[in-house]
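[1] sequence and predicted structure below; questions after.
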Amino acid sequence: VIHEVSGAALFRGDQLVGWLNEDETQGVAWLRDEIRTGALAVPVPGVPEETLTVEILSSDTRLSVRTQGGQLQGEARIRLRTAISSLPRISGALDTAFLQRAELAVAEHVRDRVVGALQKLQGIGTDTAGFGWTLYRTQPRLWKSVRWEEEFPRLPVQVTVQNRLERTGLQLEPQRPTSP
């Protein structure tokens, strides 16, 4: 069975306050560390009309909120391990430079989804991602002194996505027999 989520509703308390599209919903899922495995279709670096499909081997998201210069600052760090599962026929595609570009393209794809989701959440003023909960858990005294519903919409958040492309499933160079 294949499940596809095409959007989500946003609530503040019991009141509907907005809707997320498919990309924003995926961005929230990344922020909430709800994506463990799956597949991503990403434009091929240098050939945007073609699509590269990668399998998500693992994913880990860490949220943090800290003070810097008297101001609250959020951070979302996402670490991925992916593998190429399908690649269009492109001459010379699997050289080292292409694999590095593909690794970055996947990270940028995820980052774009997360940043889009954050902009929507902050615009509506609902912290579905969990930055407030993170602040409450890690710095309860600071949490008590902050009016989070006023602070969250203007919270600067740094989003970092690291992707390690593993297992292309193909060899880049032929194996040579070794001498016994």
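    Done, it's in. Just so it is clear, the model here is predicted, and its values are computed rather than measured.
[2] alpha carbons only for contacts and neighbour counts from here, please
    Noted.
[3] low pLDDT regions in the chain?
    Applying pLDDT under 70 to the chain flags residues 1-5, 89-94, 167-180.
[4] quick check: longest strand of it.
    strand 47-68 (DSSP state E).
[5] elements contacting that strand?
    Here strand 47-68 touches helix 22-31, strand 38-44, strand 71-86, helix 131-138, going by 3 or more Cα pairs under 8 Å, 6 or more residues apart in numbering; DSSP states H and E.
[6] okay, buried residues for the last one please.
    The reference is to helix 131-138. The neighbour-count criterion (16 or more other Cα atoms under 10 Å) identifies 131-135 as the buried residues of helix 131-138.
[7] same thing with the third one?
    Residues of strand 71-86 classed as buried: 72-85 (neighbour count, 16+ other Cα under 10 Å).
[8] that strand pairs with which strands, parallel or anti?
    Using DSSP bridges, the strands paired with strand 71-86 in its sheet are strand 47-68 (antiparallel), strand 157-166 (parallel).
[9] what does it rub up against?
    Residues from elsewhere that reach strand 71-86 (Cα atoms under 8 Å, 6 or more residues apart in numbering): 30-31, 52-67, 131, 155-169.
[10] residue nearest the centroid of the chain?
    In the chain, the C-alpha nearest the mean C-alpha coordinate belongs to residue 110, at 3.8 Å (Cα atoms, centre = their mean).
[11] ok, it - contacts?
    27, 30, 161 are the contacts of residue 110 under Cα under 8 Å, 6+ apart.
[12] isn't the second one up against residue 61?
    Yes: using Cα atoms under 8 Å as the test, residue 30 is close enough to residue 61 to be in contact (6.9 Å).
[13] more neighbours, the two?
    residue 30 (25 against 19; other Cα atoms under 10 Å).
[14] excluding chain neighbours, what is closest to residue 155?
    Distance criterion Cα to Cα, 6 or more residues apart in numbering; nearest residue to residue 155, sequence neighbours excluded, is residue 73 at 6.0 Å.
[15] give me the three-state assignment for the residue nearest to the centre of the chain.
    helix (DSSP: H, G, I helix; E, B strand; the rest coil).
[16] make TSV out of the buried residues of helix 131-138 and add distance to residue 149.
    Shown next, in TSV, are the buried residues of helix 131-138 (distance: Cα to Cα, whole Å):
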residue	distance to residue 149
131	11
132	9
133	12
134	14
135	13
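[17] out of these, flag the one nearest to residue 118.
    residue 131 (10.7 Å; Cα to Cα).
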